[in-house]
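A.B. asks: A structural model of the following input is requested.
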Amino acid sequence: MLSRSRTMPSRIHHGALEERQDIRHYLQVESQQPKQIEAEAINPLQNYSKCFDDDGRLKRTGTFWTATSHIITAVIGSGVLSLAWAVGQLGWVAGPIVMLLFAFVNLYTSNLLAHCYRSSDPITGQRNYTYMDAVKATLGGRKVVLCGLIQYLNLFGTAIGYTIAASVSMMAIKRSNCFHKSGGKDPCHMSSNAYMITFGIIEIIFSQIPDFDQVWWLSIVAAVMSFTYSTVGLGLGIGKVAGNGILKGSLTGISIGTITPAGTVTSTEKLWRSLQALGAIAFAYSFSMILIEIQVFLQPLFAFVEKWSARKWSKSEFVTAEYDIPVPFYGVYQLNWFRLIWRTGFVVLITLIAMLLPFFNDVVGILGAMGFWPLTVYFPIEMYISQKKIARGSSQWVGLQMLSFACLMVSIAAAVGSVAGVVLDLKTYKPFKTSY
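C.D. replies: Down below sits the predicted model:
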């Protein structure tokens, strides 16, 4: 028999790490202040405990540098792998310009979103622990549901994109070894399915680590890895240019009539590719969907589902109970059956979808188009206008709305191009038999 450690796990009940029973008791002792002190008008930020923040939760230990490493990890993700292709479609003029414009928009709107971390007052206002909390506190209504739907669909799609990117990367190493071994005579075509399954198994293991987002060294390791593979990609690019002796590409991007593995590029395909490149760049830069949570990708989605389930079936031991399992060289692992089954099923689902739709650039373009305008631009701007009480029709209001509308047009164009790319790829596609 497994020994039950507790029900209603704190991480499930509130979607974040919280105090245990002994800490809550300590908090109660700390909160017992003399009546004369309670009567005084004291700034709450000067009165909270050294162990707890002003919201009663354990004191946050994050710093500017840990937050920076989280953001670096989010931005230098799988989307970076599609930037070379995107610039190749747009050319040496439009490509860098578009990248700089997306970088500026993300920087600006992320600052707006950061202002909405606390409601009412940016210093003493109530904290919003998730993106949806911020939208609920500031905008409310149906926009909360819309925000959650888009955010979690985007995270779901991002998981598929990362699965495809991981398998393609592993396969690239295998193909490189094959090329060198055959002296370039063997085309080294291979299927990505085995690599996706391997990555899925690894994901299942890591998804079961409780409070994975609370591992202090995680962001540092992830940031180092992000810099590493970006540096490797840059080095390979420089090496290729040095080997060729010239800088290839064109000022206007891929030319009409160019022969690619998918066929000859027509004028229509040139347009679709250019629009799809916008979505790829948007995906590479976007990180607003995890900015407030500052968690590992998918952790906000896991937290939302488990929090909702715990509220819905609060008396179900299958959902809320945790059991202590001794693990050699680790200690005690707290098993929750619902977490085990639902997270495993989730990883299996995204792995199957990645195997069915292994079109990396198309998937990245759709994700960028789907998440860029609503999560990166629209909601931050609307929340900032509401919180700062910016008057409708004022110059600042008009400027923000013009920025939002322009980004909406870009997202629509990128979505059209990406969907067209998927349609073209499906013409020569065979389920579970795609090879590179």
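
A.B. asks: Figure out the helix or strand that the closest residue to Gly249 other than its chain neighbours lives in.
C.D. replies: In space, and not counting its chain neighbours, Gly249 is closest to Trp92: 5.8 Å by Cβ to Cβ, 6 or more residues apart in numbering. (Each C-beta comes from the backbone N, C-alpha and C, glycine too.) Using DSSP states H and E, Trp92 falls within helix 83-115.

A.B. asks: Now Phe372. Nearest residue, chain neighbours left out?
C.D. replies: Spatial nearest neighbour of Phe372, chain neighbours left out: Ala282 (3.9 Å); criterion: Cβ to Cβ, 6+ apart.

A.B. asks: For the stretch 1-150 of the chain, just list every one of the strands.
C.D. replies: Along the stretch 1-150 of the chain, the stretches classed as strands by DSSP state E, counting those that start in this stretch are 3-6.

A.B. asks: before we move on, back to that, residue contacts, the residue nearest to Phe372?
C.D. replies: Phe102, Gly368, Ala369, Gly371, Phe372, Thr376, Val410, Ser411, Ala414 (Cβ atoms under 8 Å, 6 or more residues apart in numbering).

A.B. asks: residues of the helix holding Trp92 that come out buried?
C.D. replies: 83, 85-91, 94-95, 98-99, 102, 105-106, 108-110, 112-114 (16 or more other Cβ atoms under 10 Å).

A.B. asks: go on, stretch 358-372?
C.D. replies: 358-372.

A.B. asks: pLDDT averaged over it, what's the number?
C.D. replies: Stretch 358-372 carries an average pLDDT of 79.

A.B. asks: next one: that stretch to chain centre, how far?
C.D. replies: Put simply, stretch 358-372 sits 13 Å off its chain's centre (Cα atoms, centre = their mean, to the nearest Å).

A.B. asks: Hmm, Thr124 is touching Asp55, no?
C.D. replies: No: applying Cβ atoms under 8 Å as the test, Thr124 and Asp55 come out as separate, 11.0 Å apart.

A.B. asks: related to what we said a few turns ago, which strands and helices lie in contact with the helix holding Trp92?
C.D. replies: The helices and strands touching helix 83-115, judged by 3 or more Cβ pairs under 8 Å, 6 or more residues apart in numbering; DSSP states H and E, are helix 267-285, helix 379-388.

A.B. asks: can you give me the helices in the stretch 301-436 of the chain?
C.D. replies: 317-320, 337-356, 360-371, 379-388, 395-426 (DSSP state H, counting those that start in this stretch).

A.B. asks: what's the following helix or strand after the longest helix seen in the chain?
C.D. replies: For the chain, the longest helix by residue count, based on DSSP state H, is helix 142-182. Following helix 142-182 in sequence order, the next helix or strand is helix 193-207 (DSSP H and E).

A.B. asks: Grab the nearest non-local neighbour of Gln151.
C.D. replies: Nearest residue to Gln151, sequence neighbours excluded (Cβ to Cβ, 6+ apart): Met289, at 5.0 Å.

A.B. asks: Hmm, I typed the wrong one, I wanted Glu293.
C.D. replies: Among residues not flanking Glu293 along the chain, Pro300 sits closest, at 4.7 Å (Cβ to Cβ, 6+ apart).

A.B. asks: The one you found: neighbouring residues, count only.
C.D. replies: Residues contacting Pro300 under the criterion other Cβ atoms under 10 Å number 25.

A.B. asks: same check, this time on Thr258
C.D. replies: Residue crowding around Thr258 was assessed by other Cβ under 10 Å; the count is 13.

A.B. asks: From Val75, how far out is it?
C.D. replies: Note on Thr258: its distance to Val75, by Cβ to Cβ, to the nearest Å, is 30 Å.

A.B. asks: can you check His115 too?
C.D. replies: The gap separating His115 from Val75 is 20 Å, by Cβ to Cβ.

A.B. asks: ok, what's across the strand from the closest residue to Asn336 other than its chain neighbours?
C.D. replies: Leaving aside its chain neighbours, Asn336 sits nearest to Glu322 (5.0 Å; criterion: Cβ to Cβ, 6+ apart). Beta bridges link Glu322 to Arg6, judged by DSSP bridges.

A.B. asks: Do you know the pLDDT at Glu322?
C.D. replies: Note for Glu322: predicted pLDDT of 88.

A.B. asks: Same check on Gly237?
C.D. replies: 83.

A.B. asks: repeat for Val232
C.D. replies: pLDDT, the model's per-residue confidence, is 82 for Val232.

A.B. asks: Make 21 the starting number, not 1.
C.D. replies: All set: I'll call the first residue 21, so the last point we hit is now Val252.

A.B. asks: what number of residues lie near it?
C.D. replies: Neighbour count for Val252, taken as other Cβ under 10 Å: 10.

A.B. asks: And it, how far from Ser196?
C.D. replies: As defined by Cβ to Cβ, Val252 lies at a distance of 12 Å from Ser196.

A.B. asks: Tell me where the stretch 121-270 of the chain is predicted with low confidence.
C.D. replies: The model of the stretch 121-270 of the chain has pLDDT under 70 over residues 231-236, 239.

A.B. asks: Pick the one among the buried residues of stretch 378-392 closest to Lys70.
C.D. replies: When the buried residues of stretch 378-392 are ranked by distance to Lys70 (Cβ to Cβ), Gly391 comes first, at 39.2 Å.

A.B. asks: Might one say that that closest one is in contact with Asn174?
C.D. replies: Yes: between Gly391 and Asn174 a contact is recorded at 4.0 Å, counting by Cβ under 8 Å.

A.B. asks: overlap in contacts of the two?
C.D. replies: Common contacts of Gly391 and Asn174, defined by Cβ under 8 Å, 6+ apart, comprise Met309.

A.B. asks: My guess is Val430 contacts Leu298. True?
C.D. replies: Yes: the pair Val430 and Leu298 qualifies as a contact (Cβ under 8 Å) at a distance of 5.8 Å.

A.B. asks: Quick check: Gly111 touching Ser275?
C.D. replies: No: counting by Cβ under 8 Å, Ser275 is not a contact partner of Gly111; they are 9.7 Å apart.

A.B. asks: Can you read off the pLDDT for the residue nearest to Glu313?
C.D. replies: pLDDT, Pro320: 79.

A.B. asks: tell me the contacts of the closest residue to Tyr404 other than its chain neighbours?
C.D. replies: Nearest residue to Tyr404, sequence neighbours excluded (Cβ to Cβ, 6+ apart): Leu132, at 4.1 Å. Contact analysis of Leu132 by Cβ under 8 Å, 6+ apart lists Pro400, Ile401, Met403, Tyr404.

A.B. asks: In terms of distance to Trp328, which of those residues ranks first?
C.D. replies: Nearest to Trp328 among the contacts of Leu132, with distances taken as Cβ to Cβ, is Met403, at 22.9 Å.
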